[in-house]
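In: can you look at this prediction? I've put the sequence above it.
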Amino acid sequence: MARGKEARVTIFLECTSCIRNRVNKESTGISRYITQKNRHNTPSRLELIKFCPSCYKHTIHGEIKK
């Protein structure tokens, strides 16, 4: 039996406070994490609190498009 799309997908989480404050203008990159989520259980965009090495504190990291 053929299924449509797989339930588990790989997503990227990016620091939202670095984007708003534009802390990383001269930096090489923004804090990003790679994780997985179940598309059927969590259809909306995921937001988690993670440590940002650029801000040196725990901030909200939101899901971004690849």
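Out: Thanks, I have the structure now.

In: tally of neighbours for Phe51?
Out: Residues lying near Phe51 (other Cβ atoms under 10 Å) number 13. Where you see a C-beta, it was placed from the backbone N, CA and C, and this is true even at glycine.

In: report whether the expected contact of it with His61 is present.
Out: No. Counting by Cβ atoms under 8 Å, His61 is not a contact partner of Phe51; they are 9.2 Å apart.

In: which neighbours do those two share?
Out: With contacts defined as Cβ atoms under 8 Å, 6 or more residues apart in numbering, the residues shared by Phe51 and His61 are Ser31.

In: ok, what's across the strand from the closest residue to Glu14 other than its chain neighbours?
Out: Taking Cβ to Cβ, 6 or more residues apart in numbering as the measure, Glu14 lies nearest to Ile64, with 4.8 Å between them; neighbours along the chain are not counted. On the basis of DSSP bridges, Ile64 takes part in beta bridges with Phe12.

In: what's the separation between Ile64 and Ser31?
Out: Here the distance between Ile64 and Ser31 works out to 12 Å (Cβ to Cβ, to the nearest Å).

In: pick out the residue nearest the middle of this structure.
Out: The centroid of the chain falls nearest to Leu13 when counting by Cα atoms, centre = their mean (0.9 Å).

In: which strand or helix spans the spatially closest residue to that residue that is not a sequence neighbour?
Out: In space, and not counting its chain neighbours, Leu13 is closest to His61: 3.9 Å by Cβ to Cβ, 6+ apart. Element membership of His61, judged by DSSP states H and E, is strand 57-64.

In: distance between that strand and the chain's centre?
Out: For strand 57-64, the distance between its averaged C-alpha position and the chain's averaged C-alpha position is 6 Å (Cα atoms, centre = their mean, to the nearest Å).
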